[in-house]
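# After the sequence you'll find the predicted model.
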Amino acid sequence: MKFDFPPVTGALIVSCVLIFLLQHYGGYNDSLIAHFALWPFGHEQARMASGRVITVGFEPWQLITFAFLHGGWLHILFNMWALFMFGPPIERCSAPASTCCTTPCARCWRRWRSCWW
């Protein structure tokens, strides 16, 4: 029996898990959140988990990078389980190249929608 896991879904799962491990166990939590979490327009002061106060603000790349940050073990576990279950059928229905395009678009849409509802 051949296990044929789609490449884009696999790359997304691996990258999310590696970034999660780096974020929580590599000592980069404040830095990753400050630069890659999605912040509102303008600049404001934010107190990080370490107690450090930094200035944060919106940057265009945050529309994509926020989706790779996860808050805890349950958060990453459920998100990666959902990606493992639903990613392969979606990727098999379309080409991997279109999955590379639709995934960031869906993340941007999800973030925009959550800001308004």
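Sure, I can see it.
# how far does stretch 27-43 sit from the chain's center?
Shown here is stretch 27-43, whose average C-alpha point lies 13 Å from the average C-alpha point of the whole chain (C-alpha atoms, centre = their mean, to the nearest Å).
# what's the neighbour count on I76?
The number of residues packed around I76, counting by other C-beta atoms under 10 Å, is 20. C-beta here means a position set from N, CA and C on the backbone, and glycine is covered the same way.
# From P89, how far off is the residue nearest to it when sequence neighbours are not counted?
Leaving aside its chain neighbours, I76 sits nearest to H70 (4.1 Å; criterion: C-beta to C-beta, 6 or more residues apart in numbering). Taking C-beta to C-beta, to the nearest Å as the measure, H70 and P89 are separated by 23 Å.
# Equivalent analysis for Y25, please.
Between Y25 and P89 the distance, using C-beta to C-beta, works out to 32 Å.
# what sits against T103?
With contacts defined as C-beta atoms under 8 Å, 6 or more residues apart in numbering, T103 is in contact with V8, L12.
# Can you tell me the element it falls in?
Here T103 sits within helix 96-116, counting by DSSP states H and E.
# What of V56?
Counting by DSSP H and E, the secondary-structure element that holds V56 is strand 53-57.
# show me where the protein has strands.
Secondary structure of the chain (DSSP state E): strands located at 43-47, 53-57.
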